[in-house]
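J.: Build me a model from this:
(chains A, B and C)
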Amino acid sequence: MTIAQFQKNILDWYRNPPAGGAMRSRMPWRRTRDPYKILVSEVMLQQTQIARVLPKYKEFLGAFPDLASLAAATDKRLLKVWAGLGYWRRAKYLKKTAQLITNNYNGKFPKDPKILETFPGIGPYTARALACFAFGSREAFLDTNIRRVYLHFFFPRRKNVSDKEILRVAQRAIDTLPKNVSSREWHYALFDYGATVLKDKQINRRSRHYHKQSKFEGSFRSFRTAVVQYLLSQPQNRTPQKKVRHVLEELLKKEKTPYSAQEILDSLLKDRLIKKSRTHYYL
DNA sequence: ATCCAGTCGA
DNA sequence: TCGACTGGAT
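T.: Prediction:
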């Protein structure tokens, strides 16, 4: 398959999808170019399914409608809104990034992916997706759906394919795209094709970067989450260390795990997910 | 059990 | 380069 045939395949399918096809218009972040809103959506969508992000996205933008309001948010309110999305540290990174852009960039988003990548929580994917959807950047990027599309069309039957190889093809596809096709539309088309037509084909196992995820239930991180949720449930933000440790130890005993309360609390402190005073833990 | 619009620190 | 991070849906 040539690049030109590939482009036509994807775009024809996207512009004229079969009945019951992608529900792409229902995604609110596809109807804005506000870099702040797009950043929020991209960070929420990291390793998180669309259906779970949709309600949280609206709730989050209701609570923190712009960069300044997020930069000024308390951690407790931030985490309360984030609860249920998982990967708590993404919320802290998002706030930190809002503060950095407010303070060091006069509240204006840089457009260069290389600069966006320097902010916490923004890696190669998010930097380029944000630059594309907010500013029309034509730099290639891969997520799990787009990777699947390229593996299917350009690396059939090959194993251990690196992202570097895929990105070379992906960039060529963008560079040779007709100029009247926007980077936004092209990447929406790739997302939707990978997520619907190629769904459930285990194609990504042929990526060099594929690896299985470990179980959540009973895991170390499940107890980290229990602590954060316990602190969130407290009426005040400060809870005596003794009390937190006791609650956690009871939980660990009940679940018969090898983990100690102290190592769980230390790991949360290290990640700055919780903080402590001399006598209390707080968010 | 497996996956999801990935990123970070070691 | 690799393990850890999160939680709900299928």
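J.: Hmm, A:F135 and A:D112 touching each other?
T.: No: counting by C-beta atoms under 8 Å, A:D112 stays clear of A:F135, with 9.3 Å between them. For the C-beta atoms, the positions are set from N, CA and C on the backbone; glycine is no exception.
J.: Show me which of the two is the more surrounded one.
T.: The residue with more neighbours, out of A:D112 and A:F135, is A:F135; 18 against 13, by other C-beta atoms under 10 Å.
J.: Secondary structure class of the residue lying closest to the more buried one once chain neighbours are set aside, three-state.
T.: Computed as C-beta to C-beta, 6 or more residues apart in numbering, the closest residue to A:F135 that is not its neighbour in sequence is A:K111, at 4.6 Å. Secondary structure state of A:K111, per DSSP: H, G, I helix; E, B strand; the rest coil, is coil.
J.: Could you look up the SS state of A:Y281?
T.: Under three-state DSSP, the three-state class of A:Y281 is strand.
J.: how about A:S137, secondary structure?
T.: Classification of A:S137 by three-state DSSP places it in coil.
J.: What about it? Give its phi and psi, please.
T.: The phi/psi pair for A:S137 (degrees, to the nearest 10) reads phi -60, psi 140.
J.: Number of residues surrounding A:Q213?
T.: Neighbourhood size, A:Q213 [other C-beta under 10 Å]: 6.
J.: same question but for A:S267, I mixed them up
T.: When neighbours are defined as other C-beta under 10 Å, A:S267 has 17 of them.
J.: and the gap between it and A:L273?
T.: 9 Å (C-beta to C-beta, to the nearest Å).
J.: Now list whatever residues contact both of the two.
T.: Taking C-beta atoms under 8 Å, 6 or more residues apart in numbering as the criterion, A:S267 and A:L273 both touch A:R224.
J.: For DNA strand C, what's the nearest residue on the stretch 1-150 of chain A?
T.: Here the residue of the stretch 1-150 of chain A nearest DNA strand C is A:G86; by C-beta to the nearest atom of the strand that distance is 3.1 Å.
J.: A:I10 reaches A:V149, doesn't it?
T.: Yes: using C-beta under 8 Å, A:I10 makes contact with A:V149 at a distance of 7.3 Å.
J.: Find residues that contact each of those two.
T.: By C-beta under 8 Å, 6+ apart, the residues touching both A:I10 and A:V149 are A:L190, A:Y193.
J.: Do a quick rundown of the helices in the stretch 101-250 of chain A.
T.: Using DSSP state H, counting those that start in this stretch, the helices found in the stretch 101-250 of chain A span residues A:113-116, A:124-135, A:144-154, A:163-175, A:183-192, A:220-233, A:241-255.
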